[in-house]
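In: have a look at this fold, sequence not included:
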């Protein structure tokens, strides 16, 4: 199943938070990428709502939630994620009739 995980930073990180959390956040995110849970990732290019977008390859939305909830920024309440399951564009089947 594919899930878009759309992450939003809830508040700007202080220099102390950045120094303490980011050395854990980056390797944890890379582990999810290397194990195939995160298939692609992007930085949100919107200054009003900074964050990330992950395209995840997971068994369920609950699995995606557990993965992003374990990331340090989310665990500390500094980031939240909206999860959106997606699939093939089913109406295209009408073109095959």
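Out: Good, I have the coordinates. In this text, all values refer to a predicted model and were calculated from it rather than measured experimentally. Numbering: from 1, shown residues only.
In: tell me where this protein has strands.
Out: Listed in chain order, the strands found in the chain under DSSP state E are 2-9, 38-43, 51-57, 79-86.
In: adding mean pLDDT and distance to residue 94, write those out as a markdown table.
Out: Every residue, glycine included, has its C-beta placed from N, CA and C. Listed next are those as a markdown table, based on pLDDT from 0 to 100; distance: least, Cβ to Cβ, whole Å:
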| stretch | mean pLDDT | distance to residue 94 |
| --- | --- | --- |
| strand 2-9 | 97 | 22 |
| strand 38-43 | 97 | 28 |
| strand 51-57 | 97 | 26 |
| strand 79-86 | 97 | 19 |
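In: go through the ones you listed and name the closest to residue 29.
Out: Counting by Cβ to Cβ, residue 29 lies closest to strand 38-43 out of the strands of the chain; the figure is 7.0 Å.
In: how about the strands of the chain in CSV, adding distance to residue 95 and mean neighbour count?
Out: Output for the strands of the chain, formatted as CSV (distance: least, Cβ to Cβ, whole Å; neighbours: other Cβ atoms under 10 Å):
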stretch, distance to residue 95, mean neighbour count
strand 2-9, 22, 19
strand 38-43, 27, 14
strand 51-57, 25, 19
strand 79-86, 20, 15
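In: tabulate the ones you listed (TSV), appending distance to residue 15.
Out: Listed next are these as TSV, based on distance: least, Cβ to Cβ, whole Å:
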stretch	distance to residue 15
strand 2-9	15
strand 38-43	20
strand 51-57	19
strand 79-86	17
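In: compare those strands and give me the one nearest residue 97.
Out: Comparing these by their distance to residue 97 (Cβ to Cβ), the top pick is strand 79-86, with 23.7 Å.
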